[in-house]
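1. Have a look at this prediction, sequence included:
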Amino acid sequence: MSFNLDVRLKRANKVYHEGEILAGVVVLVSKEAVQHQGISLTMEGVVNLQLSSKSVGVFEAFYNSVKPIQLITSNIEVVKPGKVPSGKTEIPFEFPLQAKGNKLLYETYHGVFVNIQYTLRCDMKRSLLAKDLSKTCEFMIHGQKARVQPTPLDFTIAPDTLQNVRERSSLPKFLIRGHLNTTNCVITQPLAGELVVESSAVPIKSIELQLVRVETCGCAEGYARDATEIQNIQIAEGDVCHGLPIPIYMVFPRLFTCPTLETTNFKVEFEVNVVIVLHDDHLITENFPLKLCRV
């Protein structure tokens, strides 16, 4: 017997905001009538926090603070126990997107140690001999819009400006100047600017942009802060012409970034590293914190 269960949202992009209505249809397609014990829909939004391996065992109190945080949950019975007729059946549904208590609906974000996810699950219970059917669909929440004031940044990278260098005298001489249009970034617009290699005593092998997420989990007893790479883009290869402006251009990936977020139990922040690899395998890295917003 062929039977298909599906959940379809009215919005093709599956993007919603707090206070809106999540609407769609449950679609049942069957060649013949099917007996069932009820069809239900469960909508929930959860923040899952996870500790990195280096933090496990360091703070005992962490185990209480990394429990999943329930932002929103709702359950409705779509169809009472009975029979689904043959053919195609569409059952409409609506859920108000209102957070529990004084909580907020944080923006959808897929990280390493912090994960904010909103799902809609349809369950069809069946008799003992038949297997229950389930279908899950993820939808996105976009956060509140904010006003963004551009904050341009001019930077210089030279042996004197570098931090965490043990033997500064062993570094080859180089001078790199650059400009970021803003460090207060609109998440839907690219990070842009330019970079100029003024001089370098050693030939350059590569220049890269590295986008980094900084996730902090914890409580009053202590915090675990972990930085992980989201993406790495090469903006120049080989020994580039000196004095020539090299464009900086990076698009923020949709699910792996969100507006900068700070709460009691966790934080999600972002940084960009400008990485210059020299031919003698010296690695020069300059770090710039970013604030991401949605407008």
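-> Perfect, I can see it now.
2. so where's the stretch 101-250 of the chain shaky on pLDDT?
-> With pLDDT under 70 as the threshold, the stretch 101-250 of the chain has low-confidence stretches at 166-169, 219-222.
3. show me where it has helices.
-> Along the stretch 101-250 of the chain, counting by DSSP state H, counting those that start in this stretch, no stretch forms helices.
4. ranges for the strands of it?
-> Using DSSP state E, counting those that start in this stretch, the strands of the stretch 101-250 of the chain run over residues 109-110, 114-124, 133-141, 153-157, 174-180, 184-186, 191-200, 204-219, 222-237, 245-250.
5. A12: which of those strands is closest?
-> Each of these was checked against A12 via C-beta to C-beta, and the shortest separation belongs to strand 133-141, namely 11.4 Å. C-beta here means a position set from N, CA and C on the backbone, and glycine is covered the same way.
6. quick one: the closest one to chain centroid distance?
-> Its chain's C-alpha centre lies 18 Å from the corresponding centre of strand 133-141 when counted by C-alpha atoms, centre = their mean, to the nearest Å.
7. now swap in stretch 137-155 and tell me
-> Its chain's C-alpha centre and that of stretch 137-155 lie 12 Å apart, by C-alpha atoms, centre = their mean.
8. again with stretch 256-274
-> Once both centres are worked out by C-alpha atoms, centre = their mean, stretch 256-274 turns out to sit 9 Å from its chain's centre.
9. returning to that earlier point: minimum distance to P289: which of the strands of the stretch 101-250 of the chain has it?
-> For these, proximity to P289 was assessed by C-beta to C-beta; strand 204-219 is nearest, at 8.5 Å.
10. Can you list the strands that the closest one pairs with?
-> Pairing partners of strand 204-219, with direction, according to DSSP bridges: strand 222-237 (antiparallel), strand 266-278 (antiparallel).
11. which of the ones you listed is buried the deepest?
-> When neighbours are counted by mean count of other C-beta atoms under 10 Å, the highest per-stretch mean among the strands paired with strand 204-219 falls to strand 266-278, a mean of 20.
12. Quick one: name whatever helix or strand follows that strand.
-> Scanning the chain past strand 266-278 towards its C-terminal end, the next helix or strand to appear is strand 283-293 (assignment: DSSP states H and E).
13. which other helices and strands contact that following strand?
-> strand 153-157, strand 184-186, strand 266-278 (3 or more C-beta pairs under 8 Å, 6 or more residues apart in numbering; DSSP states H and E).
14. which secondary structure elements does the shortest one contact?
-> If you count contacts as 3+ C-beta pairs under 8 Å, 6+ apart, strand 184-186 packs onto strand 283-293.
15. Which neighbouring residues are in contact with the closest residue to L278 other than its chain neighbours, exactly?
-> Leaving out its chain neighbours, the residue that sits closest to L278 by C-beta to C-beta, 6 or more residues apart in numbering is V202, at 4.7 Å. The contact partners of V202, taken as C-beta atoms under 8 Å, 6 or more residues apart in numbering, are P172, F174, L278, H279, D280, H282.
16. do you know how far the fifth one is from S86?
-> Okay, so that is D280. When distance is defined by C-beta to C-beta, to the nearest Å, D280 is 73 Å away from S86.
17. more crowded one of the two?
-> In this view D280 and S86 are compared by other C-beta atoms under 10 Å, and S86 has more residues nearby, 12 against 9.
18. pretty sure that one contacts E32?
-> Yes: contact between S86 and E32 holds when scored by C-beta atoms under 8 Å: they sit 4.8 Å apart.
19. residues in contact with H282?
-> L171, P172, V202.
20. what's the closest of those to T73?
-> T73 has its nearest neighbour among these in L171, at 55.5 Å by C-beta to C-beta.
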